[in-house]
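Peer 1: Structure, please.
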Amino acid sequence: MKPNRMLGHTELAILYFPYMLPKSASTRLGVLIARDEDLLADLKKAGYMKGQHIFTPRQVTIVLDHLGEPENWNIK
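Peer 2: A predicted model of the protein is given here:
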């Protein structure tokens, strides 16, 4: 996945949780971010704020670096 564009929170969440409804996937991604202190700290350095609906390309890269590529990710 090329993180060269902005992605909505739900859009990114669906990539990681394609088997879930969009709202559930979005909630699950939010929980993952909140519980991963390193991920959250790096996102905040890149301007992330709780409740943000759009991830910048830099923030998408940070999520990918911490969680891995969605295609290779199968945690349920």
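Peer 1: Tell me which residues touch Y16, please.
Peer 2: 25, 28-29, 67, 70, 73 (Cβ atoms under 8 Å, 6 or more residues apart in numbering). Using the backbone N, CA and C atoms, a C-beta is placed for each residue, glycine as well.
Peer 1: Now a ChimeraX select for only the buried ones of these.
Peer 2: Those of those that meet the burial criterion (16 or more other Cβ atoms under 10 Å) are gathered into one ChimeraX selection, given here:
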select :25,28,29,67,70
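Peer 1: which of the residues in the helix ranked longest in the chain are buried?
Peer 2: Secondary structure assigned by DSSP state H gives helix 22-35 as the longest helix of the chain. Using 16+ other Cβ under 10 Å as the test for burial, helix 22-35 gives 25-26, 28-29, 32-33.
Peer 1: next helix or strand past it?
Peer 2: Once helix 22-35 ends, the next helix or strand along the chain (criterion: DSSP states H and E) is helix 37-45.
Peer 1: Show the pLDDT at the closest residue to N4 other than its chain neighbours.
Peer 2: Spatial nearest neighbour of N4, excluding adjacent residues (Cβ to Cβ, 6 or more residues apart in numbering): P57 at 5.7 Å. Among the per-residue scores, P57 shows a pLDDT of 95.
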